[in-house]
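Colleague: sequence below, structure please.
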Amino acid sequence: MKLFKGNLNFDWLLIVLPLILSVSGIATLYSITSVSGKATLVNSQIIYIILGMIVYIFFSILDYRVLRSYGKYLYVFGIILLLVVELFGGQIFGSSRWIDLGFTQIQPSEIMKFFLLILIAGIFSNSLKLSVGQSAAVFVFLIIPIALILKEPDLGTALTIIFSVAGMVAFSPIPKKILLVILVVIIAALPLVWQGLKPYQKERLVSFANPYSDPLGSGYNVSQAKIAVGSGGLYGKGFSGTTQSQLQFLPVAHIDFIFSGWAEATGFVGSMMMVVIFALLILKIFQIAFLSRDEFGYYLAIGAGFLIFFQSFVNIGMNIGLMPVTGIPLPLVSYGGTSVITTAAILGVVQSINLRRKSIKFG
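Modeller: Alright, predicted model coming up:
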């Protein structure tokens, strides 16, 4: 195992910004949770964040280049976990996405995001120009976990993976003609994708177009989220006065709609601060990608940047009615152990890329 030797010149923005988001998440969980559930959710999230910090430090000091040789093994392990979910996973909110370990639960689809970034980055970094066969392999490697994740069903995570890989593809050595063929295939497959959606997923898309068509049904979540955001006003109600959240008008406030809880507590000013923090974090990741000294680190950081961007953009967007509800958590802010720890691992790898860019040569 290759660990970092020499001076640890950490990029402090890549440390401070995630910490601010994590603390904001804990404060929001405290604000939106009823008295009976405060200790459970808040304490659990604090433990997840501490574990995430340990994972972040580990992947920061680990030479990220060793991950390249483990890409296929991690991918196979991720597929096995998804199959375990399919066979034995427990149901929450009508979806079978979690493996119950007794003392906690893990969500393999979240872990698969990390493993796929490593595998695809390794494939793209192997050649200046991918052959048709290699390009087809990338598509197959992607479609297998996507099919398993959609079967759970977990549309949000599937879309996150597709978008992050698409971002890597856009900067990849895949010939433009093949990219055009892939785009045509995706467009042609959209009617089949629509037919394969669960009824509640179709209702979410319809309610996105017109949330007031069924205000007490499929449009309820979005309507209540927008009310919570608007009720925060300019400076917010404070973390002890979030009536929409504490009175449980806002569904799944600790995961999908945590931004609405934050907006109600901190108002427009606090909401914009969080948006700016995410923007700075994403820009920093892309900056590290473009300064990377090897192809593997470049593609890995590109995928990480697109992943964080898509999750934050969609989650915030669905909280203010600009995006359909897809069940995508807000990175480091939403409640959830697997999500927090996986995001910490990804950011740790990005920090590792930054630490080594001055000590290695291109190629």
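Colleague: make sure Val138 is actually in contact with Ile174.
Modeller: Yes: counting by CB atoms under 8 Å, Ile174 is a contact partner of Val138 at 7.4 Å. Every residue, glycine included, has its C-beta placed from N, CA and C.
Colleague: could you measure from the residue positioned nearest the centre of the chain over to Tyr70?
Modeller: Nearest to the mean C-alpha position of the chain, by CA atoms, centre = their mean, lies Gln311 at 4.7 Å. The gap separating Gln311 from Tyr70 is 24 Å, by CB to CB, to the nearest Å.
Colleague: same deal with Ser339?
Modeller: Applying CB to CB to Ser339 and Tyr70 gives a distance of 22 Å.
Colleague: the two: who's more crowded?
Modeller: For Ser339 and Tyr70, the more surrounded residue by other CB atoms under 10 Å is Ser339, and the numbers stand at 25 against 14.
Colleague: quick one, what contacts the more buried one?
Modeller: Residues near Ser339 by CB atoms under 8 Å, 6 or more residues apart in numbering: 107, 110, 329, 331.
Colleague: try 7 Å
Modeller: Residues counted as contacts of Ser339 (CB atoms under 7 Å, 6 or more residues apart in numbering) are 110, 329.
Colleague: then whichever strand or helix holds it to CSV, C-alphas only?
Modeller: Using DSSP states H and E, Ser339 sits within helix 337-356. The C-alpha coordinates for helix 337-356 follow below in CSV (Å, rounded to 0.1, in the frame of the first residue of the first chain):
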residue,chain,number,x,y,z
GLY,A,337,-24.2,6.8,6.8
THR,A,338,-23.4,5.3,3.4
SER,A,339,-23.9,8.5,1.6
VAL,A,340,-21.7,10.5,4.0
ILE,A,341,-18.9,8.0,4.1
THR,A,342,-18.9,7.4,0.3
THR,A,343,-18.8,11.1,-0.4
ALA,A,344,-15.9,11.4,2.1
ALA,A,345,-14.0,8.7,0.4
ILE,A,346,-14.5,10.4,-3.0
LEU,A,347,-13.3,13.7,-1.6
GLY,A,348,-10.4,12.0,0.1
VAL,A,349,-9.3,10.6,-3.3
VAL,A,350,-9.5,14.1,-4.8
GLN,A,351,-7.3,15.4,-2.0
SER,A,352,-4.9,12.5,-2.8
ILE,A,353,-4.7,13.6,-6.4
ASN,A,354,-4.0,17.2,-5.2
LEU,A,355,-1.2,16.0,-2.9
ARG,A,356,0.6,14.1,-5.6
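Colleague: pLDDT of that helix, averaged?
Modeller: The pLDDT scores in helix 337-356 average 95.
Colleague: and stretch 286-296, how far out from the chain's middle?
Modeller: Centroid separation between stretch 286-296 and its chain, computed with CA atoms, centre = their mean, to the nearest Å, is 20 Å.
Colleague: check the separation of the first and last residues in it.
Modeller: Terminal residues of stretch 286-296 are spaced 14 Å apart (CA to CA, to the nearest Å).
Colleague: report pLDDT for Glu110.
Modeller: 93.
Colleague: also Val169?
Modeller: With respect to pLDDT, Val169 has a value of 85.
Colleague: give the buried residues for the longest helix anywhere in the chain.
Modeller: Counting by DSSP state H, the longest helix found in the chain is helix 258-291. Residues 258-267, 270-271, 274, 277-278, 281-282, 284-289 are the ones in helix 258-291 that count as buried (16 or more other CB atoms under 10 Å).
Colleague: so where's the stretch 101-250 of the chain shaky on pLDDT?
Modeller: 128-130, 182, 189-190, 192-194, 196-221, 241-250 (pLDDT under 70).
Colleague: tell me where it has strands.
Modeller: Secondary structure of the stretch 101-250 of the chain (DSSP state E, counting those that start in this stretch): strands located at 105-106.
Colleague: quick one: the helices in it?
Modeller: Listed in chain order, the helices of the stretch 101-250 of the chain (DSSP state H, counting those that start in this stretch) span 108-124, 132-151, 155-170, 176-196, 199-209, 220-231, 243-246.
Colleague: mean neighbour count, those helices: which tops it?
Modeller: When the helices of the stretch 101-250 of the chain are scored by mean count of other CB atoms under 10 Å, the highest mean neighbour count falls to helix 108-124 (a mean of 24).
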